[in-house]
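# quick one, structure for this:
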Amino acid sequence: GAGDDDDEQGLANVSEAVPHLIFDNFGTKLGLRVKNILQHLFPSGAKKDGKRVMTFSNQGEFVEFRHHTYTKGKGRGDSLTLAEA
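Numbering: from 1, shown residues only. Presented below is the predicted three-dimensional model:
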């Protein structure tokens with residue numbers, strides 16, 4: 001099925017959990033407006049232990065979008081392992 005193809009490419013399965021949102025370089029008046037619009041596309045209330053992250057990065061005239069899930073390493077130093085969804 002379609003999920004098998006994703007696993008072969010090293011992509012993570014998409015969770016239905018509310019994602020944590022990260023915004024980079026949205027400091028101008030227009031950038032703040034775009035950020036506000038993007039924030040309203042997702043429900044509020046990401047759980048502290050949620051494993052889903054969406055990053056929006058404003059690069060010139062383009063907004064780059066990345067969707068990741070992550071797992072925390074065990075022990076001190078807690079490394080993170082990202083998987084693109």
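
# alpha carbons only for contacts and neighbour counts from here, please
Noted.

# could you list the low-pLDDT ranges of the chain?
1-14, 76-77 (pLDDT under 70).

# go through whichever helix in the chain runs longest and flag the buried ones.
What stands out as the longest helix in the chain, according to DSSP state H, is helix 29-39. By 16 or more other CA atoms under 10 Å, the buried positions in helix 29-39 come out as G31, K35.

# contacts for stretch 56-65 next, please.
L21, I22, F23, D24, N25, F26, G31, M54, T55, R66 (CA atoms under 8 Å, 6 or more residues apart in numbering).

# in strands only, show me those.
L21, I22, F23, D24, M54, T55, R66 (DSSP state E).

# who are the contact partners of the residue nearest to the spatial centre of the chain?
When CA atoms, centre = their mean is applied to the chain, the residue found nearest the centroid is M54 (1.6 Å). Shown in contact with M54 (CA under 8 Å, 6+ apart): P19, H20, L21, I22, F65, R66, H67, H68.

# from the residues you listed, list the buried ones, please.
P19, H20, L21, H67, H68.

# any idea how far K48 lies from H40?
19 Å (CA to CA, to the nearest Å).

# against H20, how distant is P43?
P43 is 10 Å from H20, by CA to CA.

# swap in S79?
When distances are taken as CA to CA, S79 and H20 turn out to be 18 Å apart.
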